[in-house]
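Asker: Attaching a predicted model along with its sequence, questions to come.
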Amino acid sequence: MNIDQIKQRLTLYEKLMRLDKPIGTLLLLWPTLWALWIASGGRPGWMMTWIFCLGTLLMRSAGCVMNDLADRNFDAHVKRTRERPLAAGLVSVKEALWLAAAVTLAAFCLVLTLNKFAIALSFVALALAASYPFTKRFFSIPQAYLGVAFGFGIPMAFAAVSNLLPALCWWLLLANIFWAVAYDTEYAMVDRDDDLKIGIKTSAILFGRYDVAAVMLCYVAMLAVLVLIGMKLQFGLYYYLGLGAAGLLMLYHYTLIRGRARAGCFKAFLHNNWVGGVIFAGIAANYVWR
């Protein structure tokens, strides 16, 4: 295999892991950072932060490969996904399995630097990531399961920092579940026609003509839970300014999805990065200037 062929394979692996599309990593990272800052009282330490940031990137990459392995026969029939390396036959199943194993092992090596509780929870995180793609076969709202899988960095952060999983941890995870249902329903609205044809279950199909209302209600529920968390922790003005900014962004998403156009729904999904970012900014600012 010459240099050009090696570069071509690496490019395909990059696409398979979605390294060219960082939105998934960011949607995983923001709630993990929320938890890391709250669990540590705003002082998680740079090494701990680096471990969770890199670990998030690696596990999201492994999750994407696992997802494409499970969905390779479905993806070939969906307009948006038919060009993915596995669906298009550009990468073999064997290659994908080796890639998923290698990236997962790299992530586990990072986890080994944490305490025993966090290490134990990492096996649960792996099981959630590996099983999520199959929930679309039988679960009418797999987005809720995704919220648990995408939010499992929350209990891992609490475990790594305090060796405990307080009630606050689960409330934060609940907020993330509501958020995941909201943004992934926007994502599912893009593929609804194709998903109906191939028999995949999604929240966009479940909610039907109430999809926009369901998205907005999930946003409201997410903010309500975060307000309760702020009250419990006696957070100050900066935290609530962050939540207010997130609320304004959510209203903007309503303008994008109300017509149910594919482009608008996909733009709203991508824009959720800013929702997670402003909430984190509010949390961080609260600890700096409280």
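Answerer: Here it is on my side, so go on.
Asker: going forward, measure contacts and count neighbours with C-alpha atoms only.
Answerer: OK.
Asker: Name all residues that make contact with Ala157.
Answerer: Contact analysis of Ala157 by C-alpha atoms under 8 Å, 6 or more residues apart in numbering lists 32, 35-36, 39, 52, 118.
Asker: let's see 7 Å
Answerer: Residues near Ala157 by C-alpha atoms under 7 Å, 6 or more residues apart in numbering: 32, 35-36.
Asker: Secondary structure added to those residues, as CSV?
Answerer: Shown next, in CSV, are the contacts of Ala157 (DSSP: H, G, I helix; E, B strand; the rest coil):
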residue, secondary structure
Thr32, helix
Ala35, helix
Leu36, helix
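Asker: in stretch 256-270, what counts as buried?
Answerer: For stretch 256-270, the neighbour count (16 or more other C-alpha atoms under 10 Å) marks 256-257, 260, 262, 264-270 as buried.
Asker: er, stretch 28-48 actually
Answerer: Applying 16+ other C-alpha under 10 Å to stretch 28-48 flags 28-39, 42, 44, 48 as buried.
Asker: can you redo the buried residues of stretch 256-270 as JSON lines with secondary structure?
Answerer: Shown next, in JSON lines, are those (three-state DSSP):
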{"residue": "Leu256", "secondary structure": "helix"}
{"residue": "Ile257", "secondary structure": "helix"}
{"residue": "Arg260", "secondary structure": "coil"}
{"residue": "Arg262", "secondary structure": "helix"}
{"residue": "Gly264", "secondary structure": "helix"}
{"residue": "Cys265", "secondary structure": "helix"}
{"residue": "Phe266", "secondary structure": "helix"}
{"residue": "Lys267", "secondary structure": "helix"}
{"residue": "Ala268", "secondary structure": "helix"}
{"residue": "Phe269", "secondary structure": "helix"}
{"residue": "Leu270", "secondary structure": "helix"}
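Asker: longest helix anywhere in this protein?
Answerer: helix 167-198 (DSSP state H).
Asker: one step back: can you tell me which of the buried residues of stretch 256-270 is closest to Ala175?
Answerer: Phe269 (16.9 Å; C-alpha to C-alpha).
Asker: got the contact list for that closest one?
Answerer: So Phe269 contacts 183-184, 186-187 (C-alpha under 7 Å, 6+ apart).
Asker: picking that back up, of the buried residues of stretch 28-48, which belong to strands?
Answerer: Among those, the subset assigned to strands under DSSP state E is empty.
Asker: Widest-spaced pair of the buried residues of stretch 256-270?
Answerer: Between any two of the buried residues of stretch 256-270 (C-alpha to C-alpha), the greatest distance is 15.1 Å, for Arg260 and Leu270.
Asker: isn't Met189 right up against Ala204?
Answerer: Yes. If you go by C-alpha atoms under 7 Å, Met189 and Ala204 touch, sitting 5.4 Å apart.
Asker: ok, back up a step: make a ChimeraX selection of whichever of the contacts of Phe269 turn out to be buried.
Answerer: To isolate the buried members of the contacts of Phe269 in ChimeraX, using 16+ other C-alpha under 10 Å:
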select :183,184,186,187
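Asker: give me the number of residues near the closest residue to Ala107 other than its chain neighbours?
Answerer: Using C-alpha to C-alpha, 6 or more residues apart in numbering and skipping residues adjacent in sequence, the residue nearest Ala107 is Gly55, 5.3 Å away. By other C-alpha atoms under 10 Å, 22 other residues sit near Gly55.
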